[in-house]
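S.K.: Pasting the sequence and the predicted coordinates here, then a few questions.
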Amino acid sequence: MKTGVYFCRCGTNVSEKVDPKAVEKRVLAQNPDARFAAVDFLCSEEGGLALAADIRESGVERVVIAACSPREHEGTFMQIVSGAGINPYLMRMVNVREQVAWVTADPGRAADKAARLIEAAVRRTGRQSPLAGRRMEVCPDALVVGAGPAGLKAALTLAASGRHVTVVEKSPAIGGLPVKYEEIYPSLECGPCMMEPLLGEVLHGEHSGRISLMTLSEVTGVVGSFGNFRVKIRRRPRYVDTVRCIGCMECSAACPVSVDNEFDYGLGKRKAVYVPFAGALPSVPAIDPAACLRFAGGDCALCREACPVEGTVVFDEAGDEVEVTVGAVVLAVGGGSSDLNAFPELGHGKVPGVFASHEFERLLASNGPTGGEILTADGGRPDSFAIVHCVGSLDARHKEYCSGVCCGYAFKFNRVIAHKIPGARVSHLVREVAMAGKDGQTLYRRAGEDPNTSVIRYRGIDDIRVSGDGSGLSVSYKGPDGSEGSVRAGMVILCPAVTPGPDTAALGGIFDVSLDKEGFIEELHSSTDPVRSRIRGVYAAGACGSPVGIREAMAQGMAAAGCALSEIVSGGFLDISPVTAEVVRERCSGCRVCVSVCPYKAISFNEEDKTAEVNDALCQGCGTCAAACPANAMRARGFTNEELWAEIEGFLS
């Protein structure tokens, strides 16, 4: 068979170091029937037309392209070759730019290396067989994991375009952090009020019929790939019928059990049958089986007896697991915060009057544990506050990055404190001040104009100590120059670094997305593709990708939805690559090693004929199964042993 070798000079990128004439002489000496042509810029329109014309006129049956990395233009050349009448899988690319010209200083050695690589490709293409892919209809539906600002905005954007969206949220209520906050930086807008239109649209709006909301639910597994993800979701029972319930909360009033409310970070109490906070949506209570007397073996049924709608409380409700098929996934599970136990000298959890910022937010909220009153543990109102910024941020021992949102809400606290307790003194202990954006400086400037506010720069978090005595709290610190100082306060507020959320790592493993060095979901490109993960069809929005505020989270939710809409086109098709694994059934012993090693869950075991089966829609052609099979019963199309041996022999010849 006749092979065409097309050498791209790539201007001077290749030809300056690799002499095409020297390469041609050696290639033709080994393959006298081959066709060798050196062309400038094969990837250009003119180069592509010349390549296609030469293939047709010369009658070559195999094609070797000696050019740049296949990452750059393999798809381009496969299209050209296919258009010229040759199966694109009878083409092979040789990287003579990055792997030869750019890394081999001696021209003679460069020409030898290029010729050997080309000879290897010629030998291999002689063993290759034509392959044909197939087309599969893309599922236009989407999955959103997390029902905070980013997730809900993504879900509503997708639903508004006519797609069906499944929203998975592990808690009983939706809305994320903003619904817990009474006033939001920078405008001091009411958080629940700001979120209410979005929540209303998701639950009852024009497009709500295309949104399936699954609370108390978690993703447990996924198989497949872009356009065809099959996702398993475990749904825990609520023990309250969401259709029958009228939200009167008589059941909660009758419940005799009170436990710490995790939605108030343990500062308040809730019943065993509860809604997380007043105004939570959906406004349907849930029963906590870990707290309920009946689930502990008792016969309490007070909640069911108090309910005015018979059949609403369902003690024997069982959880279930469902599977949904979607074309794309948006991960929006939010972020977390630094564990303050790592800073014992700051007194959190040990010294009364020391609060984390998110705990203080709940103290400020009218539906929080104190009804919006700022109260100390003994019920008094503090007349002074110390707000410690950058707890865990900008620190090589903890988190080196700036979380970006902490200064904003810290100076928001300044305004809210001044409103609730006029004349109260506020001391900000800062390392740096980051107040970006068109509205960022407003609160900082007002704090600077307030005679009751002081801003003190400290050297490092290890230089701060919080102690308490009968007369209040003392915060000692060291300044940037090493000088020591202290401030007295009735209450201390700590602003911890924003970190990856507790579910990020687990979801990363389930969806096979990579995490960056800090544990956030790694973006495809931090500047040009900030919401795409490295797995096609899986997007990240909000604080699971990086520390962001509400505005940025909403924008990223819309961006992720836009990316998904551009790729999972309704009625569109996905081309399935033929470079997949296949089973040589007569060799298969049924050992199932391939099933256990496949990273894409593309191999199953046929119990009827006791052999492995490959789902080509899921298979990504990685070759792991072929390498692991002890009987050589798994074969990787396009990478058979015969092809690989021929390539090795060609290089060594």
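M.R.: Cool, the structure landed. Numbering: from 1, shown residues only.

S.K.: Residue ranges of each domain in the protein, please.
M.R.: 3-131, 142-236+319-334+501-567, 336-499, 577-637 (automatic domain parsing).

S.K.: Tell me which of these sits most buried.
M.R.: domain 142-236+319-334+501-567 (a mean of 21; mean count of other C-beta atoms under 10 Å). C-beta: built from backbone N, CA, C; applies to glycine.

S.K.: For that one, measure first residue to last.
M.R.: Taking C-alpha to C-alpha, to the nearest Å, the first and last residues of domain 142-236+319-334+501-567 lie 11 Å apart.

S.K.: ditto for stretch 119-136
M.R.: End residues of stretch 119-136 are separated by 36 Å (C-alpha to C-alpha).

S.K.: same deal with stretch 489-498?
M.R.: Between the opening and closing residues of stretch 489-498 there is a gap of 25 Å (C-alpha to C-alpha).

S.K.: State the mean pLDDT of that stretch.
M.R.: Across stretch 489-498, the average pLDDT comes to 97.

S.K.: thinking again about what came up before, which one, of the domains of the chain, ends up nearest to L302?
M.R.: The closest of the domains of the chain to L302 is domain 142-236+319-334+501-567. By C-beta to C-beta, the value is 20.1 Å.

S.K.: Please state the offset of the closest one from the chain centre?
M.R.: 9 Å (C-alpha atoms, centre = their mean, to the nearest Å).

S.K.: what about it, average pLDDT?
M.R.: The model assigns domain 142-236+319-334+501-567 a mean pLDDT of 94.

S.K.: when you give positions from now on, start the count at 685
M.R.: Okay, using 685 as the starting number, the last item reads as domain 826-920+1003-1018+1185-1251.

S.K.: can you give me the strands for the stretch 735-884 of the chain?
M.R.: For the stretch 735-884 of the chain, strands defined by DSSP state E, counting those that start in this stretch occupy the ranges 746-751, 775-779, 818-821, 826-829, 849-852.

S.K.: Dump those strands to a markdown table, plus distance to R808.
M.R.: As requested, these are arranged in a markdown table below (distance: least, C-beta to C-beta, whole Å):
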| stretch | distance to R808 |
| --- | --- |
| strand 746-751 | 9 |
| strand 775-779 | 6 |
| strand 818-821 | 24 |
| strand 826-829 | 41 |
| strand 849-852 | 45 |
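
S.K.: Quick one: closest of those to E1333.
M.R.: Within the strands of the stretch 735-884 of the chain, the stretch nearest E1333 is strand 775-779; the backing value is 14.7 Å (C-beta to C-beta).

S.K.: send the alpha carbons of that closest one over as CSV?
M.R.: Coordinates of each C-alpha in strand 775-779 appear next as CSV, following Å, rounded to 0.1, in the frame of the first residue of the first chain:
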residue,chain,number,x,y,z
MET,A,775,-3.8,8.8,9.3
ARG,A,776,-1.0,9.3,11.9
MET,A,777,0.5,12.5,13.2
VAL,A,778,4.2,12.9,14.1
ASN,A,779,5.2,15.8,16.3
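
S.K.: roughly how far out does that strand sit from the chain middle?
M.R.: Centroid separation between strand 775-779 and its chain, computed with C-alpha atoms, centre = their mean, is 34 Å.

S.K.: Strand partners (parallel or antiparallel) of that strand?
M.R.: If you go by DSSP bridges, strand 775-779 pairs up with strand 746-751 (parallel).

S.K.: Give me the residues contacting the strand it pairs with.
M.R.: 685-692, 694, 698, 707, 726-727, 739, 757, 761, 765, 770, 774-781, 798, 801-802, 805-806, 809-810, 812 (C-beta atoms under 8 Å, 6 or more residues apart in numbering).

S.K.: Start and end of stretch 890-906, how far apart?
M.R.: First-to-last residue span, stretch 890-906, C-alpha to C-alpha: 30 Å.

S.K.: For V993, see how far away the nearest residue to R1081 once chain neighbours are set aside is.
M.R.: Take R1081 and drop its neighbours on the chain: the residue closest to it by C-beta to C-beta, 6 or more residues apart in numbering is D1146, 7.7 Å away. From D1146 across to V993, the span is 57 Å (C-beta to C-beta, to the nearest Å).

S.K.: Strands along the stretch 1235-1337 of the chain, start to end?
M.R.: Using DSSP E, counting those that start in this stretch, the strands found in the stretch 1235-1337 of the chain span residues 1257-1260, 1265-1267, 1287-1290, 1295-1298, 1318-1320.

S.K.: what helices or strands is the fourth one leaning on?
M.R.: Okay, so that is strand 1295-1298. strand 1265-1267, strand 1287-1290 (3 or more C-beta pairs under 8 Å, 6 or more residues apart in numbering; DSSP states H and E).
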